[in-house]
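A.B. asks: okay, sequence plus prediction incoming.
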Amino acid sequence: MVNADLIEASQGSKPQIQPHFRSRPAYQYSRPMRPHLLYRPFPTSSASQASATSIQQQATSRPPSISQNVASTKETPDFLPSTSTYNRFLNFYRMATGSMSEAGQKQYWADADSRYSKIDCERCESHRDYLLKYSPIVRYMSDNIAKLGGVLDQNNIRCRTCSTGQLGGFDAKYGIMLCANWLDTRNKVEDVLSHEMVHAYDHMRFDTSLGPDEDLRKVACSEIRASNLSGECRWANEFFRNKVFKISRHQEECVKRRAVISVSMRPSCDGKDQAEKVVDSVWDSCFADTRPFDEVFR
Ligand SMILES: [Zn+2]
């Protein structure tokens, strides 16, 4: 599969802040809450009738106190196995009120990711198919990649459940991966897909492999271009809406921050300081390089 080190950092994603969930750590703000999954109907087939009845009994009988549950699961006292509606509700309640420990929260999301993997991937795939047909930026990028002899379609743009907390990735051999459990809306899928498509374009045009041994300056250049040209910092969206080529201060800061995060996560990078130096060293030429978009203006 796709190497973890090729996958984009998620820290740059815009948080969806819901005031009463403020006590959750920042990295979880962008997760879909999926509360509706708590209310999934009970199984109705005869095989699962027995367990359904017992769950219903449990739900209507007096619930066990929290302290009993704490005693029964010593390792992660506040995350309960999601085997019953009551447990799922308790997990969700603690999560939503910010009273769950950090270890419990990690388990909460891992559990949600595995239970909803199929739903997440199907939703991601339908967004992907829609974008390949109708999104201006995705179509423009895939046309330009096709001109260079590359093909990106349903077969090599894959939706997966990711456990690395990252949003997506490009691999020269396997194509593009979208992390379905992090991308609930079509706009998020569009941003990540167009970002990875810039990497694919760079691979076709400038032969950047983005492998673990790749020159960090080449990586930094591709990351600057990918953040600049994808919708992440809202530049390309402006372009398609107004046909105006306006680069704001916000755009520069946004692109630089994202590029530094992505470069600092490379295995060959020593950390943020080195990442900043490398990004600065290639900044002027790479930020100004808007291919394939510049062909439109000239
Ligand atoms: Zn990238």
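C.D. replies: Now that the structure is in, tell me what you want to look at. Being a predicted model, the structure only gives us computed values, none of them experimental.

A.B. asks: make it CA atoms for all contacts and neighbour counts henceforth
C.D. replies: Will do.

A.B. asks: now Met100, nearest residue through space, not along the chain?
C.D. replies: Residue nearest to Met100 in three dimensions, not counting chain neighbours: Arg94, with 5.2 Å by C-alpha to C-alpha, 6 or more residues apart in numbering.

A.B. asks: that neighbour: neighbour count?
C.D. replies: Using other C-alpha atoms under 10 Å, Arg94 has 16 other residues around it.

A.B. asks: likewise the one 3 residues further on?
C.D. replies: Per other C-alpha under 10 Å, the neighbour tally for Thr97 reads 13.

A.B. asks: that one and Asp270: what is the separation?
C.D. replies: Distance from Thr97 to Asp270, counting by C-alpha to C-alpha, to the nearest Å: 38 Å.

A.B. asks: tell me the SS of Met141?
C.D. replies: Look at Met141: counting by DSSP: H, G, I helix; E, B strand; the rest coil, its state is helix.

A.B. asks: contact partners for the residue nearest to it when sequence neighbours are not counted?
C.D. replies: The shortest distance from Met141 to any non-neighbouring residue, by C-alpha to C-alpha, 6+ apart, is to Met197 (6.5 Å). If a contact means C-alpha atoms under 8 Å, 6 or more residues apart in numbering, then Met197 has Val138, Met141, Ser142, Phe170, Ile176, Ala226 as its contacts.

A.B. asks: over to Val279?
C.D. replies: Here Val279 is in contact with Arg217, Ala220, Cys221, Ile224, Lys256, Ala259, Val260 (criterion: C-alpha under 8 Å, 6+ apart).

A.B. asks: can you do 7 Å?
C.D. replies: Ala220, Val260 (C-alpha atoms under 7 Å, 6 or more residues apart in numbering).

A.B. asks: which stretches of the protein have low pLDDT?
C.D. replies: Applying pLDDT under 70 to the chain flags residues 1-77, 235-248, 294-298.

A.B. asks: what ranges does this structure have for its strands?
C.D. replies: Along the chain, the segments classed as strands by DSSP state E run 157-160, 168-171, 175-179.

A.B. asks: identify all contacting residues around the longest one.
C.D. replies: Residues outside strand 175-179 that contact it (C-alpha under 7 Å, 6+ apart): Asn156, Ile157, Arg158, Cys159, Arg160, Thr161, Cys162, Leu167, Gly168, Gly169, Phe170, Glu196.

A.B. asks: tell me the buried residues in the lengthiest helix in the chain?
C.D. replies: In the chain, with assignment by DSSP state H, the single longest helix is helix 186-206. With burial defined by 16 or more other C-alpha atoms under 10 Å, the residues of helix 186-206 counted as buried are 188-204.

A.B. asks: could you find the closest non-adjacent residue to Gln274?
C.D. replies: Closest to Gln274 by C-alpha to C-alpha, 6+ apart is Ser264, at 7.5 Å.

A.B. asks: neighbours of that neighbour, how many?
C.D. replies: Residues near Ser264, counting by other C-alpha under 10 Å: 23.

A.B. asks: now do Ser222
C.D. replies: Ser222, neighbours per other C-alpha under 10 Å, totals 27.

A.B. asks: before we move on, what about the one 4 residues further on?
C.D. replies: Other residues within reach of Ala226, judged by other C-alpha under 10 Å, total 28.

A.B. asks: just Leu148 next, same as before
C.D. replies: 12.

A.B. asks: same question, Ser285
C.D. replies: 10.

A.B. asks: what does Asp111 give?
C.D. replies: 15.

A.B. asks: give me every residue that touches it.
C.D. replies: Applying C-alpha under 7 Å, 6+ apart, no residues qualify as near Asp111.
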